[in-house]
Structure formats: structure tokens, C-alpha cells
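*Asks:* model the following, please.
(one chain, ligands or ions: 1)
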Amino acid sequence: MTLPDERDDAALLAMLEDDMTLDAAAPILALAASYFAETRRGEGPVSTWHSAQAIADRLDGPMPRASRPLADVARRLSRLLLDDVNRLAHPMYIGHQVSAPLPAAVWTESLISALNQSQAVREMSPSFTPLEHQVIAWMTDLVGWDEHAGGTMTSGGMEATFTALLAARSRAVPDVWTNGLGATPPVIVCGEHAYHTVSRAAGEMGLGLSRVHVVPSRALRMDPEALRDRLTRLQAEGTRVMAVVATAGCTATGSFDDLEAVADLCDAFADDHGPLWMHVDAAHGGTALLSSRHAHYVQGLVRARSIAWDPHQTLLLPLSAGMVLMRRQDDLTLAFTQAAPYLFGAGTQAQIWDLGPRSFQCSRRADVLKLWVALERYGADQLAQLYERLCHMAHMLHDLLAARDDFLPLHEPMSNILCFAWTPAGVHGADRDALTDALRERYNRSGRGWITATTLEGRRVLRVTVMNPRTDVSHLAALVDGLTAEAALVLRAR
Ligand SMILES: Cc1ncc(COP(=O)(O)O)c(C=O)c1O
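*Replies:* Numbers count the residues shown, from 1 in each chain. The predicted structure follows:
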């Protein structure tokens with residue numbers, strides 16, 4: 001006899017079985033494919049003009065308690081949500097540092113989820129833990145490090161730099177895991193244009209923001225003279241420096257600090273532990289390593305003790321895929337010294353493969369697979385070529401703007417990022433700042449394209465990051481035309 005609840009289970013289990021086929025997946029996968037088809041040729045609006053509240057109102061309602069077919073869910077998803085996404089695959093999206101992702105990596109996402117291997121423990125991910133070691137070894141070889149190097153994938157640059165600074169903290173304060181930072185914690189030194197990952201890490205690890213020393217920039221790069229002065233002062237005071245953080249591809253302008261100069265100073269101010277710990281936040285600019293045209297920007301990277309590099313930025317992977325690389329992989333294990341015998345193999349071969357002991361996360365997706373697929377499918381040389389193309393487009397926009405008198409490029413691009421000012425006649429100071437923000441908002445709301453803004457030397461400026469290889473010169477011209485048209489409307493509405 002079949003009990004009533006067993007009959008229910010049978011129906012429920014049948015529903016799961018039905019959803020496991022390619023046919024069942026088709027309505028969801030088709031949404032992704034039709035999104036690509038609609039946006040890649042540059043048709044339709046780039047973003048939405050609906051407010052977050054309008055979208056929230058549309059979604060408001062009770063939690064679904066009953067089931068519905070996957071095809072219905074796909075239809076609802078499309079109707080309720082997809083019209084209002086930012087279309088990063090659209091060549092007129094020239095906004096934040098999030099990629100128009102490589103399609104082969106996008107399709108790999110569903111395989112990563114289907115397999116659901118956890119990278120923390122070798123026994124939970126028998127083939128992808130060795131894969132992660134292999135891919136990390138390719139990256140550390142590229143840096144120029146030897147077999148002692150290592151690293152792990154991370155959720156992104158934020159986690160990568162946090163991880164590296166935890167390792168630097170353990171070196172500066174060897175008993176920190178047991179006794180904490182003590183009465184006189186060490187300090188971190190970084191450039192004025194460092195990403196807020198450094199100050200956040202200082203807060204997170206209980207160091208405190210007052211122990212982050214910010215060095216001013218010269219020509220948008222950390223000023224080595226100012227760095228020398230700061231290190232001299234700290235040394236004279238007897239203050240320990242836990243790490244010096246340089247940036248390779250800074251967020252606002254894409255500029256690269258002079259890594260050789262920073263490394264020279266880390267050597268010159270060596271303490272009892274040896275040269276100062278140099279961490280390079282290459283979350284954005286690490287890809288320059290792959291390109292013979294751009295490698296000079298990261299010259300000296302080999303002298304870093306740790307590096308953050310985001311394949312989900314300029315290697316064009318879908319979110320999320322970050323990496324922390326360490327010149328000595330033992331440093332990473334030190335950063336997370338922790339006994340968890342129920343999870344990690346103790347004193348066995350497994351310990352070498354387990355990635356959990358060297359990672360901030362415990363359960364962790366095998367994001368390495370999409371990086372491997374991207375490398376297999378496109379090859380490192382072609383990925384380098386794509387990066388060069390993105391950077392070239394930033395240069396082309398620089399030249400287009402330099403020929404005009406209503407916009408002013410603010411720097412030569414060192415990567416794929418360009419900041420520029422709108423310079424309407426007779427408008428200055430705070431007025432110009434407000435109008436610049438109004439122009440950006442109007443342009444983005446128009447659906448013609450999507451760009452960002454930032455504050456540079458105290459002034460609001462417009463900013464683009466070319467993250468889509470489909471963006472070409474015609475799109476850059478359309479950006480300038482669109483901004484010009486919207487600028488006239490902003491001035492008229494004043
Ligand atoms: C230089 C730099 N470092 C770190 C980050 C943070 O990276 P993520 O968002 O991948 O955590 C960013 C993000 O744009 C960045 O530009």
C-alpha cells in the first residue's frame with residue numbers, strides 16, 4: 001500500500017528528474033542566448049530608467065509556496081526582471097569594471113553548479129583541486145616566481161588583498177592568532193589611489209584605519225619620494241610596517257604604480273624579517289602580464305610578496321573569479337593557521353591539496369573551471385589581444401575627446417580606463433560638478449549608453465572602462481555624440 005505522503009514525494013522527485021535534461025534547461029539557457037543575440041549588435045537600451053522602488057513594487061508579493069513549470073518560471077523571470085538589467089554585452093556599456101563575459105566561460109557556469117564540487121577539501125573536489133593548483137601555477141610562472149609560489153582562487157580582489165594582508169600580519173606579528181595584535185600593532189602603507197580594500201582590511205583585522213598610512217600620488221601614481229619620506233619617518237619612530245601596498249591598474253584611472261621603485265624602497269627599509277612585504281593590488285591590471293605590449297606596466301611585479309588579480313575583470317570572466325598569488329605559498333597557510341581535523345587531512349598528502357586551510361572561504365565554488373575553459377577555448381595569447389583591444393579603445397576615445405573643446409581627457413590611458421571632464425563654457429567649480437553628475441545621469445537614463453563618474457583631484461569627472469571587446473570606434477563616436485546631445489539638454493534645463 002502507498003501512503004499519501006509517499007505519493008507526494010514521488011511527484012516531487014519526478015519534478016526534479018524532469019528538470020535534469022537539456023530540454024528542461026532550454027527555457028533558462030535560451031534567455032541567456034537571446035540576451036546575447038539582442039545586445040551584442042548594440043540594439044536596444046543599455047540600461048533601465050525604472051527606479052529601484054518601481055522594480056521592488058513589481059516584485060512585492062508572497063513567497064511562492066506552490067510549484068510551476070520551469071518554462072513558466074523563465075517567462076516570469078523575463079517579464080519581471082530582464083528588461084531592467086544593465087546590458088554589459090551591449091557595446092555601448094562602457095561603465096564599471098565588470099566584464100561583458102566570455103561566452104565559453106558563461107556556459108561553463110552551469111556545469112560548475114551541476115557538479116557542485118567544493119574546493120575547500122581535496123576529497124570533496126578530486127579533480128578540480130589539482131586543477132586549481134595547476135592554473136595557479138600557470139599564473140605564478142607568468143609572474144616569474146619559482147616552485148615555492150602558490151595561491152588560491154578568491155571571490156574577487158577584495159578577498160584577495162584581505163587574504164594577502166592577513167598573511168603579512170602573521171609575518172609581522174607571529175603570535176597574532178593566539179594573542180591578537182598586541183599594544184603596538186604594525187601599520188600598512190598604501191597609495192592615495194589604492195582601492196578601499198586596504199582600509200577595509202585594516203578595519204576587518206582590527207588594525208584600525210589610523211594605522212593605514214596613505215602616500216600621495218604624483219601623475220596619478222604613488223609618489224616614490226613621498227613613500228620614502230613616509231617610510232623614513234615610520235622607521236625613525238620605531239613603527240613596524242606590515243605591508244606596502246602598490247596598485248597595478250588603479251580603479252579611478254587605471255594607472256599603474258612604479259613597482260620597481262616601490263620594491264626598491266621595500267628592500268631599502270628591510271626590518272628584522274627582511275624586505276618590507278610588498279603587496280600589489282593587480283585586481284584590474286594583472287592581465288598586462290600576458291601582453292608583450294603592456295608587460296612593462298607591471299615590471300617589478302616579480303618582486304612582490306603577494307598579488308591580487310581578478311580574472312573577472314580584464315580577463316573577461318563572469319563574476320566571480322579572483323585570485324591571490326603568493327611568492328611563498330607557506331605564507332598563505334600561515335595566514336589562516338587553523339586546526340579543523342573533521343575537515344582537513346592532518347599530516348597526510350591530502351593537506352597539500354586541500355585549499356580550505358589557505359582560503360578565507362570554506363565551501364567554495366570551482367570557479368577555476370571557467371578560467372581553465374576560457375584558457376583552453378581562447379588561449380592566453382588571444383585573451384592578451386582582447387585586453388590590448390580594450391586598452392586601445394580607451395586611447396581612441398582619448399584622441400576623440402582631445403580634438404574637442406567641450407570635453408577634456410584628463411590623462412593618457414595606461415589601461416582600458418579613461419577619465420575626462422565636461423568643460424562647458426562659463427561653468428566652474430561646484431556648479432560644474434553638479435552638472436557633470438546631471439549629464440551622466442541623463443545620458444545613462446536615455447538608454448543610449450552607460451558610463452560612470454568619479455572624483456579626481458576634488459572634481460567630479462566622467463569615466464569609462466572598456467570591458468567589452470565589441471566596443472569599437474563607432475561606439476566611441478556614438479558616446480561622444482550622445483553626451484553632446486544630452487549636454488545641450490542639461491544646459492538648457494539649468
Ligand atoms: C584595483 C582594485 N582592487 C580591488 C577591487 C575589488 O575587487 P572585487 O570587486 O573583485 O572584490 C577593485 C574593483 O574594482 C579594483 O579596481
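*Asks:* find the least confident helix or strand in the protein, judged by mean pLDDT.
*Replies:* helix 350-353 (a mean of 71; mean pLDDT, DSSP states H and E).
*Asks:* dump the residue contacts of Val262.
*Replies:* Shown in contact with Val262 (Cβ atoms under 8 Å, 6 or more residues apart in numbering): Met222, Pro224, Leu227, Val244, Ala246, Met278, Gly300. Where C-beta positions appear, they are placed from N, C-alpha and C, glycine not excepted.
*Asks:* pick out the residue of the protein closest to the ligand.
*Replies:* Residue of the chain nearest the ligand, by Cβ to the nearest ligand atom: Gly156 (2.4 Å).
*Asks:* hmm, Leu317 and that residue touching each other?
*Replies:* No. Counting by Cβ atoms under 8 Å, Leu317 is not a contact partner of Gly156; they are 10.7 Å apart.
*Asks:* of the two, who's got more company?
*Replies:* More crowded of Gly156 and Leu317, by other Cβ atoms under 10 Å: Leu317, with 25 against 20.
*Asks:* what's the burial count for the nearest residue to that one once chain neighbours are set aside?
*Replies:* The spatially closest residue to Leu317, leaving aside those adjacent along the chain, is Pro311, at 4.5 Å (Cβ to Cβ, 6 or more residues apart in numbering). Neighbour count of Pro311, defined by other Cβ under 10 Å: 30.
*Asks:* next one: His284
*Replies:* Residues within reach of His284, counting by other Cβ under 10 Å, total 26.
*Asks:* show the contacting residues for it.
*Replies:* Residues counted as contacts of His284 (Cβ under 8 Å, 6+ apart) are Gln97, Gly157, Ala248, Gly249, Cys250, Thr251, Gly254, Asp310, Gln313, Thr314, Ser415, Ile417.
*Asks:* give me that answer again for 7 Å
*Replies:* When contacts are counted by Cβ atoms under 7 Å, 6 or more residues apart in numbering, His284 touches Gln97, Gly249, Thr251, Gly254, Asp310, Gln313, Thr314, Ser415.
*Asks:* also Leu489?
*Replies:* Arg442.
*Asks:* could you measure from it over to Arg432?
*Replies:* 16 Å (Cβ to Cβ, to the nearest Å).
*Asks:* following element in sequence after the longest helix anywhere in the chain, please.
*Replies:* Selection of the longest helix in the chain by residue count, based on DSSP state H, yields helix 380-402. Moving toward the C-terminus from helix 380-402, the next helix or strand (DSSP states H and E) is strand 407-409.
*Asks:* what helices and strands are in contact with that following strand?
*Replies:* Packing contacts for strand 407-409, counted by 3 or more Cβ pairs under 7 Å, 6 or more residues apart in numbering; DSSP states H and E, involve helix 380-402, strand 417-422.
*Asks:* can you tell me the SS state at Ala243?
*Replies:* State at Ala243, reduced to three classes by DSSP: H, G, I helix; E, B strand; the rest coil: strand.
*Asks:* need the residues of the stretch 251-400 of the chain near the ligand, please.
*Replies:* Counting by Cβ under 6 Å from any ligand atom, the residues of the stretch 251-400 of the chain close to the ligand are Thr251, Asp281, Ala283, His284, Asp310, Gly322.
*Asks:* relative to Phe256, how far out is the fifth one?
*Replies:* Same thing as Asp310. Separation of Asp310 from Phe256 (Cβ to Cβ): 15 Å.
*Asks:* so Val187 makes contact with Val244?
*Replies:* No. Val187 sits out of contact with Val244 when judged by Cβ atoms under 7 Å, with a separation of 10.0 Å.
*Asks:* the two: which has the busier surroundings?
*Replies:* Between Val187 and Val244, counted using other Cβ under 10 Å, Val244 has the larger neighbour count: 30 against 22.
*Asks:* hey, what's the more buried one bridged with?
*Replies:* Counting by DSSP bridges, Val244 forms beta bridges with Val189, Met278.
*Asks:* contact partners for it?
*Replies:* Val189, Val262, Cys266, Leu276, Met278.
*Asks:* which of these count as buried?
*Replies:* Val189, Val262, Cys266, Leu276, Met278 (16 or more other Cβ atoms under 10 Å).
*Asks:* the helix or strand containing the second one: which residues count as buried?
*Replies:* So that's Val262. Under the criterion of DSSP H and E, Val262 resides in helix 259-268. The neighbour-count check on helix 259-268 (16+ other Cβ under 10 Å) flags Leu259, Ala261, Val262, Ala263, Asp264, Leu265, Cys266 as buried.
*Asks:* can you list these in JSON lines and add pLDDT?
*Replies:* Compiled in JSON lines, the buried residues of helix 259-268 are given as follows (pLDDT from 0 to 100):
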{"residue": "Leu259", "pLDDT": "98"}
{"residue": "Ala261", "pLDDT": "98"}
{"residue": "Val262", "pLDDT": "98"}
{"residue": "Ala263", "pLDDT": "98"}
{"residue": "Asp264", "pLDDT": "98"}
{"residue": "Leu265", "pLDDT": "98"}
{"residue": "Cys266", "pLDDT": "98"}
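*Asks:* and of those residues, the nearest to His398?
*Replies:* Ranked by distance to His398 (Cβ to Cβ), the buried residues of helix 259-268 are led by Leu259 at 23.6 Å.
*Asks:* just give the closest residue to the closest one, not the sequence neighbours.
*Replies:* Gly300 (3.2 Å).
*Asks:* now swap in Ser306 and tell me
*Replies:* Ser306's closest residue in space is Ala164 (Cβ to Cβ, 6+ apart), at 3.6 Å.
*Asks:* so how far is Val173 from the one you found?
*Replies:* For Ala164, the distance to Val173 - Cβ to Cβ - is 15 Å.
*Asks:* go on, Val473?
*Replies:* 53 Å.
*Asks:* the more surrounded of these two?
*Replies:* Using other Cβ under 10 Å as the criterion, Val473 and Val173 rank with Val173 on top: 19 against 13.
*Asks:* where does the more buried one land on pLDDT?
*Replies:* As predicted, Val173 sits at a pLDDT of 93.
*Asks:* where does pLDDT dip in the chain?
*Replies:* 1-7, 338-351 (pLDDT under 70).
*Asks:* quick one: contacts for Leu289?
*Replies:* Leu289 makes contacts with Leu142, Val143, Ala295, Val298, Leu301, as judged by Cβ under 7 Å, 6+ apart.
*Asks:* all strands of this protein, in order?
*Replies:* 150-154, 187-191, 212-215, 217-218, 221-222, 241-247, 278-281, 306-309, 322-326, 407-409, 417-422, 452-456, 459-465 (DSSP state E).
*Asks:* export the ones you listed to TSV and tack on distance to Thr484?
*Replies:* Below are the strands of the chain laid out as TSV (distance: least, Cβ to Cβ, whole Å):
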stretch	distance to Thr484
strand 150-154	41
strand 187-191	35
strand 212-215	37
strand 217-218	31
strand 221-222	32
strand 241-247	33
strand 278-281	36
strand 306-309	37
strand 322-326	38
strand 407-409	8
strand 417-422	10
strand 452-456	17
strand 459-465	12
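*Asks:* counting neighbours, which of the contacts of Leu289 comes out on top?
*Replies:* So for the contacts of Leu289 (other Cβ under 10 Å), the most neighbours sit at Leu301, 28 neighbours.
*Asks:* correct me, but that residue touches Asp257?
*Replies:* No. Contact between Leu301 and Asp257 fails when scored by Cβ under 7 Å: they sit 10.6 Å apart.
*Asks:* understood, closing this out.
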